[in-house]
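Participant: just to be clear, the model below is a prediction. Sequence and coordinates:
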Amino acid sequence: MYLREVTLLKDNMPSSREYPFSLPLVRKLNKLRLSRPVTFFVGENGSGKSTLLEAIAYQCGFNPAGGGRNNVYEVDRSESALGDYIRLSWNPKVTNGFFLRAESFYSFASHIDEVAATPSYGGLSLHNQSHGESFLSLFKYRFGSRGIYLLDEPEAALSPARQLALMRIIRDLSDRAQFIIATHSPILMGYPDADILNFDGDRMETVRYEDTDHYQITRRFLENRNSVLRTLFEDEDEDDTV
């Protein structure tokens, strides 16, 4: 464990009418305490989990567009609006790590091709691998040392089998690395002994894996697919006749 606490500096924030300060997350949260090597941020789209993760990356000195402390490049939305309004508490502080932002990974791969004299991710350019292979190459060859790793929806490019492969990589690094992961994947959030922080509801709280919407909806669908689809499509037909 390295990062122990995230504090929102609300007294210094701009008007709550402006995004991202209008997010329910900002209104609900004062301090976030981290107590385990692996923490998942879960919640619906727009709940603020990726925004908070990006702000943490900014305060770690990582590129908010994705990368580590030495990856300097720019893409649209490469600034963290919330980053100046949080404080991180460490014990001990680490400066090594990485921020994976799935939506701008292509730009990160292009940046690596520009600055690297030779391909450093399994001997191949990240652009010369499939999307899923390039993600796994990043995890294998970049995530190896003591540090903090922030992953924003890493499942975006990973098949179920490769999500399991990522879990094994996390396990192998868990004695010297800390992971904070924003995800919608019921596979990834099943990682053992992790904290799952739910951003939905009236306040942020730790939830059991089996109590997440992701687990319950997926299980209901897999066990009762025909019934779920029948109900879903019947509701749709009723809406069309109104």
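Facilitator: Looks like it arrived, so ask away. Residues are numbered from 1 along each chain as shown.

Participant: now do the strands in this protein.
Facilitator: 3-8, 31-33, 38-42, 86-90, 97-101, 147-152, 177-182, 195-198, 205-206 (DSSP state E).

Participant: make CSV from these and add mean pLDDT and mean neighbour count to it.
Facilitator: C-beta coordinates here come from the backbone N, C-alpha and C atoms, glycine included. Shown next, in CSV, are the strands of the chain (pLDDT from 0 to 100; neighbours: other C-beta atoms under 10 Å):
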stretch, mean pLDDT, mean neighbour count
strand 3-8, 96, 18
strand 31-33, 95, 14
strand 38-42, 97, 25
strand 86-90, 96, 15
strand 97-101, 87, 26
strand 147-152, 93, 23
strand 177-182, 96, 25
strand 195-198, 96, 20
strand 205-206, 92, 12
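
Participant: quick check: closest non-adjacent residue to residue 38.
Facilitator: residue 194 (4.0 Å; C-beta to C-beta, 6 or more residues apart in numbering).

Participant: picking up where we left off before, save the strands of the chain as CSV, and put in distance to residue 66 too.
Facilitator: Output for the strands of the chain, formatted as CSV (distance: least, C-beta to C-beta, whole Å):
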stretch, distance to residue 66
strand 3-8, 19
strand 31-33, 22
strand 38-42, 17
strand 86-90, 19
strand 97-101, 4
strand 147-152, 8
strand 177-182, 13
strand 195-198, 22
strand 205-206, 27
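
Participant: of all the ones you listed, which one is nearest residue 25?
Facilitator: Among those, strand 3-8 comes nearest to residue 25, with 8.8 Å by C-beta to C-beta.

Participant: what's in contact with that closest one?
Facilitator: With contact meaning C-beta atoms under 8 Å, 6 or more residues apart in numbering, strand 3-8 is reached by 26, 29-34, 52, 56, 85-91, 148, 178, 180.

Participant: could I get the pLDDT score of residue 122?
Facilitator: pLDDT for residue 122: 58.

Participant: for residue 211, same thing?
Facilitator: 96.

Participant: next: residue 202.
Facilitator: Looking at residue 202, its pLDDT is 73.

Participant: show me the contacts for it.
Facilitator: residue 28.

Participant: burial check on residue 227, number of neighbours?
Facilitator: By other C-beta atoms under 10 Å, the residues close to residue 227 number 11.

Participant: nope, residue 153 is what I was after
Facilitator: Counted with other C-beta under 10 Å, residue 153 comes out at 20.

Participant: so it makes contact with residue 182?
Facilitator: Yes. With contacts counted by C-beta atoms under 8 Å, residue 153 reaches residue 182, the gap being 6.0 Å.

Participant: joint contacts of the two?
Facilitator: Joint contacts of residue 153 and residue 182 (C-beta under 8 Å, 6+ apart) are residue 50.

Participant: what are the phi and psi values for the residue lying closest to residue 198 once chain neighbours are set aside?
Facilitator: In space, and not counting its chain neighbours, residue 198 is closest to residue 207: 4.6 Å by C-beta to C-beta, 6+ apart. In terms of degrees, to the nearest 10, the main-chain angles of residue 207 are phi -130, psi 150.

Participant: sounds good, over and out.
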